[in-house]
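**Student:** Quick one: sequence plus predicted model below, questions after.
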Amino acid sequence: MSGRDKKRLAILGGAILVVVLLLTALAYRKPAPEVRVAEARRENLNSAVSSNGKVEPITPHTLRAQFATFVERIPAVEGQAVRSGQTLLVLDAAETRAELARRREELLAAEESIRTARAGGPAEELAQLASDIRKNEAERARLRKDREGLERLLAKQAATRDELDKIQLALDRAEADARRLDLKKSELMRRSGVDAERAALLAERARNEVRALEEKVRSAELAAPVDGTLYALPVKPGSYVRVGDLLAEVADLRRVRVRAFVDEPELGPLEQGQDVEITWDAAPSRAWRGKTEVIPKTVVARGSRSVAEVLCSVENEKLELLPNINVNVRIMSRQRANALVVPRGAVRGEGADRYVFVLDGSMLRRRSVRIGLAGATMVEIAEGLKEGEQVALPADVELRDGLVVRAVPS
């Protein structure tokens, strides 16, 4: 073999070796990771606060038992629409009516005692005293006349001293009887005044008891205080109820209040009059609209949370939201039209610094950004990005500046 052939064989062997090495390197080379990317675009952005809440009637009317008894009958049904004055339920008031009759008799007796006392005493006793006083006056007048006659006769020695003394003794007894009758009359008048005061107190007490019992009898038939919905009826016919027990609740439910429990850190952007969206797990396809009405200045403990109870008014024309149900609350705290946004997951942070990974060809470049409003899924980019630029979303690999990737639209 000539030297030229040997040289050709060496060059060919070297070329083959280089090809083999390149193929081996390519075979073991790790492919670029696959990363989802999203495009920075413009859209209207709503920043919202999400929480849970409870539905309440705005003006509830609560009916409670005024006396202990049994429920006699219930002509109404829980959940039905009722008119003002419509009978909802009736309590057994037989014992209360009997007690009312007794108290009315006591009142009549007390009023009769007042009349008797103000007249000076019992009529029979007054008549007897008046008769005794008249008889005494007549007796004294007669005895005085007889004494005068005897004194004239004694001066003419036509009568004896003994006769005059007897007349004087009888007159002294009559005068004593007159003083006794005057004392009796004064005592009767004094006693009548005391009796009048006592009878007046008894009459006032009886009158108050009669009024209270009459109110109880009236309360035995409970009627709807307003037009609305009978949304609570916790008793049944035959149930025993105590004073103060809840019997029924009525309210106009065409507009309800939602008490939203907002965590303390999310209170900052909330204001009166912001739009509210209410959803209920039992009706996932429905949503109700309302407005915030009262933003509290304090927070309260609710389990392990510190929350503010934000009051929202919500339209409920179809009466689907029921009092005391638990709902989901979404308060639209801020709005921005035509904002430049990216998915929330694309924005990362280190301390106060916020940044994204921007796709430059097939390579990621870290870039600091300044964010604005944050919505449920999107966040506003106030500075650092241009519309149409693509940013990386979280991936299975750790993203870093200079990483070569295979971009996949999200």
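**Tutor:** That came in fine, so what should we check first? Numbering: from 1, shown residues only.
**Student:** And stretch 77-93, end to end?
**Tutor:** 22 Å (C-alpha to C-alpha, to the nearest Å).
**Student:** Tell me the buried residues in it?
**Tutor:** If you call a residue buried by 16 or more other C-beta atoms under 10 Å, then stretch 77-93 has these buried ones: 82, 88-89, 91-93. (C-beta placed from N, C-alpha, C; glycine too.)
**Student:** could I get those residues as JSON lines with pLDDT and distance to L311?
**Tutor:** Formatted as JSON lines, the buried residues of stretch 77-93 follow (pLDDT from 0 to 100; distance: C-beta to C-beta, whole Å):
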{"residue": "V82", "pLDDT": "95", "distance to L311": "26"}
{"residue": "L88", "pLDDT": "95", "distance to L311": "28"}
{"residue": "L89", "pLDDT": "95", "distance to L311": "31"}
{"residue": "L91", "pLDDT": "95", "distance to L311": "35"}
{"residue": "D92", "pLDDT": "95", "distance to L311": "40"}
{"residue": "A93", "pLDDT": "93", "distance to L311": "39"}
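**Student:** Tell me where the stretch 301-410 of the chain has strands.
**Tutor:** 305-315, 326-343, 348-350, 353-360, 363-374, 378-383, 390-392, 406-409 (DSSP state E, counting those that start in this stretch).
**Student:** same check, this time on the stretch 101-250 of the chain
**Tutor:** Using DSSP E, counting those that start in this stretch, strands in the stretch 101-250 of the chain cover 221-223, 228-232, 240-241, 246-251.
**Student:** Which strands and helices lie in contact with the first one?
**Tutor:** Put plainly, it is strand 221-223. Applying 3 or more C-beta pairs under 8 Å, 6 or more residues apart in numbering; DSSP states H and E, one finds that strand 221-223 makes contact with strand 87-91.
**Student:** nearest to I167, of the strands of the stretch 301-410 of the chain?
**Tutor:** Proximity to I167, assessed across those by C-beta to C-beta, is greatest for strand 305-315 (100.7 Å).
**Student:** quick one: strands adjacent to that closest one?
**Tutor:** In the sheet, strand 305-315 lines up against strand 255-263 (antiparallel), strand 283-294 (antiparallel), strand 300-302 (antiparallel) (DSSP bridges).
**Student:** Which one of the buried residues of stretch 77-93 is nearest to E151?
**Tutor:** When these are compared for distance to E151 (C-beta to C-beta), A93 wins out at 80.5 Å.
**Student:** closest to P237 among the buried residues of stretch 77-93?
**Tutor:** Closest approach to P237 among the buried residues of stretch 77-93 (C-beta to C-beta): L89, at 8.4 Å.
**Student:** show me what contacts that closest one?
**Tutor:** Going by C-beta atoms under 8 Å, 6 or more residues apart in numbering, L89 touches 71-76, 222, 233, 235, 247-248.
**Student:** how about low-confidence regions in this protein?
**Tutor:** The chain contains residues with pLDDT under 70 at 1-15, 17-30, 117-123, 126-127, 129, 188-190, 192-195.
**Student:** quick one, the top helix by length along it and strand 246-251 angle?
**Tutor:** Counting residues, the longest helix found in the chain (DSSP state H) is helix 161-219. If you take axes from the mean of the first three to the mean of the last three C-alpha atoms, to 10 degrees, helix 161-219 sits at 60 degrees to strand 246-251.
**Student:** picking up where we left off before, identify whichever of the strands of the stretch 101-250 of the chain lies nearest to T62.
**Tutor:** It is, among the strands of the stretch 101-250 of the chain and with distance given as C-beta to C-beta, strand 246-251, at 5.4 Å.
**Student:** And the closest one, what's buried?
**Tutor:** Neighbour counts over strand 246-251 (16+ other C-beta under 10 Å) mark 247-251 as buried.
**Student:** Next: stretch 339-359.
**Tutor:** Going by neighbour count (16+ other C-beta under 10 Å), the buried part of stretch 339-359 is 339-343, 346-347, 354-359.
**Student:** quick one: which of those residues is nearest to L181?
**Tutor:** A339 (108.9 Å).
**Student:** Pretty sure that closest one sits against N46.
**Tutor:** No: with contact defined as C-beta atoms under 8 Å, A339 does not reach N46; the gap is 9.8 Å.
**Student:** As TSV, the contacts of L89 with distance to D177 would be great.
**Tutor:** What follows is those, written out as TSV (distance: C-beta to C-beta, whole Å):
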residue	distance to D177
V71	70
E72	67
R73	71
I74	74
P75	74
A76	76
L222	68
L233	77
V235	73
L247	70
A248	73
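**Student:** which of those are buried?
**Tutor:** Buried subset of the contacts of L89 (neighbour count, 16+ other C-beta under 10 Å): 71, 74, 76, 222, 233, 235, 247-248.
**Student:** Can I get those residues in TSV including distance to K145?
**Tutor:** As requested, those are exported to TSV (distance: C-beta to C-beta, whole Å):
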residue	distance to K145
V71	83
I74	87
A76	89
L222	80
L233	90
V235	87
L247	83
A248	86
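**Student:** phi, psi of L322?
**Tutor:** Backbone torsions of L322, given as degrees, to the nearest 10, read phi -100, psi 150.
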